[in-house]
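> For reference, the sequence and a predicted model appear below.
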Amino acid sequence: MAFPPPGPGDPHGPVHRRPAPPPQGVPPRQGPPPPQGPGYPPAWQGPPPQAPWQGRRPPRRPVDWWKVVAYMVATLLVPLLIAGGTLAANYYLAPAEQDRREKAKEQALAVEAPLRVKLADTWSNDAYMIWVWDERLRPSAVTELLRLPTTDPEIAAFAADHGGIRTEGACIDERCGLSQTRFKLTLTGHRTGRVRIDQISGRILDRRPPPRGTLLVLPSAGASEVEGGAITLDTKDLRLHAIDQGGRPQRPYFDVRSVDLERDESLAFEIFAYNGGDDVDWELVLDLTVDGKAEQMTVRADGSPVGPPFRNPGGTLGTLTYGSEFFCATGAAHCTPGVPRD
């Protein structure tokens, strides 16, 4: 019994039948080739070729042992080479660098004086304290002076404020009425090597008659024992001389003593300068040996080589007369005009 073919409303749908295979010897019919060109995907070329081991564990590569050994050697050897180079540089180059720095310091010091100089006043109350002026004091200054108490600080401050020249009375052997200047001289080595002091002398810069304007005397008692040296400015021998306990000059100071100063090593001693004649401007002269060569330094009253000179006003309590004289007796209430000469 034949059944009609299913219609469109059949719930089972149309019947699909496998097409019959082509006849033997007849190639299958192929559709048109896919479009190619810009905007179209590339034509499928089939699956990629597979490696022979794909799908299973890959084989292990052989180990390059020489590379391993080279890496370990480099890891250990490079730090050792760096450390060795650093030690060698410190051993061979550090002394050269130190020498270079020392030479630079020497060159810097060579342009400066071989000694550093420091001066300080050492006035004391072991002798007459004397001030002199080139001119007479003004009446207002005289009135101020006669009202002051006769004590060292007040009189010294007054004299300094009014331009007085400070000195001290001194006697050497049979000579009295001399003026005396005293100060502390400190010398400090300023070279990498030693500096030898061969001589210290005075040098006269100017002579003139002693000042006769005003004389102020403040007597004091006592004695001092000071080790130092003395320069007598009214003699031909202006070298520094050693002195005894009484302050009398003895033989030249550097005939019995040799002084060498290392760098930053200091020598301090007190210098006394005497004269009884003219009013004298003078300076110190230091003869030195620096690095085997003779050098000379000059020292003036401010410690420099070109500042104001030292000044010794000459005889003060001798036969000279002054336009104004004032005497501040010990224990007196005030200073009085006139200076006793006996």
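Structure's in. What do you need?
> Would you confirm that Ala294 contacts Ile197?
No: look at Ala294 against Ile197 with Cβ atoms under 8 Å: they stay out of range, at 11.9 Å. All C-beta spots, glycine's among them, are computed from the backbone N, C-alpha and C.
> of the two, who's got more company?
Set Ala294 next to Ile197 and count neighbours by other Cβ atoms under 10 Å: Ile197 wins out with 22 against 10.
> Am I right that the more buried one sits in a strand?
Yes: the assignment for Ile197 by DSSP: H, G, I helix; E, B strand; the rest coil puts it in a strand.
> measure it to Val259 for me?
For Ile197, the distance to Val259 equals 4 Å [Cβ to Cβ, to the nearest Å].
> picking up where we left off before, so for Ala294 and Ile197, which residues contact both of them?
Contact criterion Cβ atoms under 8 Å, 6 or more residues apart in numbering; residues shared by Ala294 and Ile197: 287-288.
> circling back to that earlier point, now for Ile197 and Val259: what residues contact both?
Residues within reach of Ile197 and of Val259 at once, by Cβ under 8 Å, 6+ apart, are Leu267.
> what helix or strand does Lys67 sit in?
When elements are assigned from DSSP states H and E, Lys67 belongs to helix 65-110.
> Quick check: mean pLDDT of that helix?
For helix 65-110, the mean pLDDT works out to 71.
> and what of stretch 291-310?
90.
> can you pull the buried residues of that stretch?
Within stretch 291-310, the residues scored as buried using 16 or more other Cβ atoms under 10 Å are 297-301, 309-310.
> Dump the residues you listed to JSON lines, plus secondary structure and distance to Glu144.
Shown next, in JSON lines, are these (DSSP: H, G, I helix; E, B strand; the rest coil; distance: Cβ to Cβ, whole Å):
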{"residue": "Met297", "secondary structure": "strand", "distance to Glu144": "42"}
{"residue": "Thr298", "secondary structure": "strand", "distance to Glu144": "38"}
{"residue": "Val299", "secondary structure": "strand", "distance to Glu144": "35"}
{"residue": "Arg300", "secondary structure": "coil", "distance to Glu144": "31"}
{"residue": "Ala301", "secondary structure": "coil", "distance to Glu144": "27"}
{"residue": "Pro309", "secondary structure": "coil", "distance to Glu144": "30"}
{"residue": "Phe310", "secondary structure": "strand", "distance to Glu144": "28"}
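> closest to Thr186 among those?
Checking the buried residues of stretch 291-310 against Thr186 with Cβ to Cβ, the nearest one is Val299 at 10.9 Å.
> With adjacent residues omitted, what lies nearest to that closest one?
Nearest residue to Val299, sequence neighbours excluded (Cβ to Cβ, 6 or more residues apart in numbering): Leu284, at 4.2 Å.
> Going along the chain, name the helices of this structure.
65-110, 139-146, 152-161 (DSSP state H).
> Ok, which of these comes nearest Thr321?
helix 139-146 (17.2 Å).
> Just the CA coordinates for that closest one, please, in CSV.
Output of helix 139-146 as CSV, limited to C-alpha atoms (Å, rounded to 0.1, in the frame of the first residue of the first chain):
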residue,chain,number,x,y,z
PRO,A,139,92.9,122.2,81.2
SER,A,140,89.8,120.0,81.1
ALA,A,141,92.0,116.9,81.1
VAL,A,142,94.0,118.3,84.0
THR,A,143,90.9,118.9,86.0
GLU,A,144,89.7,115.4,85.3
LEU,A,145,93.1,113.9,86.4
LEU,A,146,93.3,115.8,89.7
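> That helix - contacts with which helices or strands?
Under the contact criterion of 3 or more Cβ pairs under 8 Å, 6 or more residues apart in numbering; DSSP states H and E, helix 139-146 touches strand 324-327.
> Let's have the buried residues of stretch 291-310 in TSV, adding distance to Gln245.
Shown next, in TSV, are the buried residues of stretch 291-310 (distance: Cβ to Cβ, whole Å):
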residue	distance to Gln245
Met297	30
Thr298	31
Val299	26
Arg300	29
Ala301	27
Pro309	30
Phe310	24
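> quick one: which of those is nearest to Thr321?
Nearest to Thr321 out of those is Phe310 (Cβ to Cβ; 25.4 Å).
> so how far is Ala301 from that closest one?
5 Å.
> Leu119: neighbouring residues, count only.
Neighbourhood size, Leu119 [other Cβ under 10 Å]: 18.
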